[in-house]
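Novice: Give the three-dimensional model of this entry:
(2 chains)
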Amino acid sequence: MARGPNPNFMAGVPELVILNLLREQEMYGYQIVQAIRTGSSGMLSLAEGVIYPVLHELKQEGALKARRQTVEGRSRVYYKLTAKGQTRLTALTRDWTGLTATIQALLGGRHARAV
Amino acid sequence: MPAPFEILGERLLRDGVAPRHVRAYLTELREHLADLIEQECAAGGDAREALRRARAALGDDATLAAAMLARPGVRSLTARAPWLVLGLLPPVAMILLLVPLSVIGSVLLVRGQGAVLGASAITASANLLIIPAMSALFALMAWRQRLAPAWALAGSTIALLFFLHMEFHLGAPNLGAMPPGLRLFYTPDHHVRVGFNMVPIFHPRTWALMAAQWPLVTAQYLLTLLPATWLWLDRRRAERSAA
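Specialist: Coordinates of the predicted model:
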């Protein structure tokens, strides 16, 4: 069985991934989960239902807007990025890029000493 | 057999999540479950296996509850500070409910003596209905958010202790003879006085009023305590059937 990512390094990641996915088009929960699974090749595996508290909180904070629509007889809640969400995405992306660059540098330095 | 996620919903309500968030969460989980079952069935699984796999993919109740409870923004104000909502709200709500009725009663009165009956009816029904209606609202809030019945009883008791009472009088107001308490008066032609008193129950004036209008006051008290009593009995019944 494949090991999932360490939860300690996952703080803020769901928000970042969701905001990024909604950057270009509105999606509903099931679509978002499928897109995460496909895009991460199964690396980001999560209990699918836990996405909704994240979506609801982002909506409450004004980062997302939601609308209910019936498609092919099924009712869906579509989420869309707002201007506030775009600002949040920019900030989260900057933080995450900085963090990964720092970790890469640390790992690179240790690797160089080991060689 | 309970509907999907009913136990999860009950748990979230008991842990203080606002009912609207619980409702939205459960609705989307059910829709997501339907999508997963459809996907599993399309892949060739039988219905029972599809349901089992779909439910496993969605996460167990403990995981789903923990994800929701980790977000402090979803907790209701009533669950976070019941003392604020059910302790301080009653007097404020009483004023907000009675002011429009006072104005309606005054308007009826200034239109002529024939309207006195209407104003009297409004005043009596307001006294008889408003505090019990508010008490029913507290019981409903406590029931929806799975609060202890004691909170609903506390809200109703506070409403009774403040004893808001609507009155109307014909004739110019005699401010020197006013009883103590919070009062608003509407005197458009200086001949009519309509208003309400908010006099604590421990004030002698209240006792005099209660003695003079004891049938109305007794009915008001019984009706006010009824919703909290119903909630307490309902909770006991539920606990007994769960045991």
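Novice: Show me where the chain has its helices.
Specialist: Here I'm looking at chain A. A:13-21, A:29-39, A:51-60, A:83-114 (DSSP state H).
Novice: hm, I was asking about chain B
Specialist: Taking DSSP H, the helices of chain B run over residues B:6-14, B:19-42, B:47-58, B:61-69, B:77-80, B:82-83, B:89-110, B:116-144, B:149-162, B:204-212, B:214-242.
Novice: and for the third one, what are the contacting residues?
Specialist: Identification of contacts with helix B:47-58 by C-beta atoms under 8 Å, 6 or more residues apart in numbering or on different chains yields A:47-49, B:29, B:32-33, B:36-37, B:39-41, B:45, B:64. All C-beta spots, glycine's among them, are computed from the backbone N, C-alpha and C.
Novice: Quick one, which of these are buried?
Specialist: For the contacts of helix B:47-58, a burial check counting by 16 or more other C-beta atoms under 10 Å in any protein chain shown picks out A:47, A:48, A:49, B:29, B:32, B:33, B:36, B:37, B:39, B:40, B:45, B:64.
Novice: low pLDDT regions in the chain?
Specialist: Since no chain was named, I'll use chain A. Per-residue confidence for chain A (pLDDT under 70) gives these ranges: A:1-11, A:109-115.
Novice: that's the wrong chain, I meant chain B
Specialist: Applying pLDDT under 70 to chain B picks out residues B:1-2, B:98, B:101-124, B:126-127, B:163-203, B:205-206, B:209.
Novice: again, only this time at 90
Specialist: Counting by pLDDT under 90, the ranges of chain B that qualify are B:1-6, B:39-51, B:71-135, B:137-138, B:141, B:144-224, B:234-243.
Novice: Any idea which of the helices of chain A gets closest to residue B:87?
Specialist: helix A:51-60 (26.1 Å; C-beta to C-beta).
Novice: Who are the contact partners of residue 17?
Specialist: If you meant another chain, say so; for now it's chain A. Counted by C-beta under 8 Å, 6+ apart, residue A:17 has contacts A:36, A:44.
Novice: Can you look at chain B instead?
Specialist: Residue B:17 sits next to B:25, B:68, B:69, B:74, B:75, B:76, B:79 when contact means C-beta under 8 Å, 6+ apart.
Novice: Out of those residues, which comes closest to chain A?
Specialist: residue B:68 (4.6 Å; C-beta to the nearest C-beta).
Novice: related to what we said a few turns ago, deepest-packed of the helices of chain B, please.
Specialist: Ranked by mean neighbour count, these are led by helix B:149-162 with a mean of 21 (mean count of other C-beta atoms under 10 Å in any protein chain shown).
Novice: Tell me which of the helices of chain A sits most buried.
Specialist: Most buried among the helices of chain A, given mean count of other C-beta under 10 Å as the contact rule, is helix A:51-60, at a mean of 21.
Novice: So which elements touch it?
Specialist: Contacts defined by 3 or more C-beta pairs under 8 Å, 6 or more residues apart in numbering or on different chains; DSSP states H and E place helix A:51-60 against helix A:13-21, helix A:29-39, strand A:64-71, strand A:74-81, helix B:19-42, helix B:61-69.
Novice: That helix vs helix A:13-21, what angle?
Specialist: For helix A:51-60 against helix A:13-21, the angle by axes from the mean of the first three to the mean of the last three C-alpha atoms, to 10 degrees is 70 degrees.
Novice: Keeping just the C-alphas, turn helix A:51-60 into PDB.
Specialist: Extracted C-alpha coordinates of helix A:51-60, given in PDB (Å, rounded to 0.1, in the frame of the first residue of the first chain):
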ATOM      1  CA  ILE A  51     -13.000  18.500   0.600                       C
ATOM      2  CA  TYR A  52     -16.400  20.100   1.500                       C
ATOM      3  CA  PRO A  53     -15.400  21.700   4.900                       C
ATOM      4  CA  VAL A  54     -12.500  23.300   3.000                       C
ATOM      5  CA  LEU A  55     -14.800  24.600   0.300                       C
ATOM      6  CA  HIS A  56     -17.300  25.900   2.800                       C
ATOM      7  CA  GLU A  57     -14.700  27.700   4.700                       C
ATOM      8  CA  LEU A  58     -13.200  29.300   1.600                       C
ATOM      9  CA  LYS A  59     -16.700  30.300   0.600                       C
ATOM     10  CA  GLN A  60     -17.300  31.800   4.100                       C
END
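Novice: Give me the contact list for that helix.
Specialist: With C-beta under 8 Å, 6+ apart as the test, helix A:51-60 has contacts from A:14-15, A:18-19, A:29, A:32-33, A:64-66, A:79, A:85, B:21, B:24-25, B:28-29, B:32, B:67-68, B:70-71, B:73-74.
Novice: Equivalent analysis for stretch B:83-90, please.
Specialist: If you take C-beta under 8 Å, 6+ apart as the criterion, stretch B:83-90 is touched by B:77-78, B:134, B:138, B:141-142, B:147, B:151-152, B:154-156, B:158-159, B:162.
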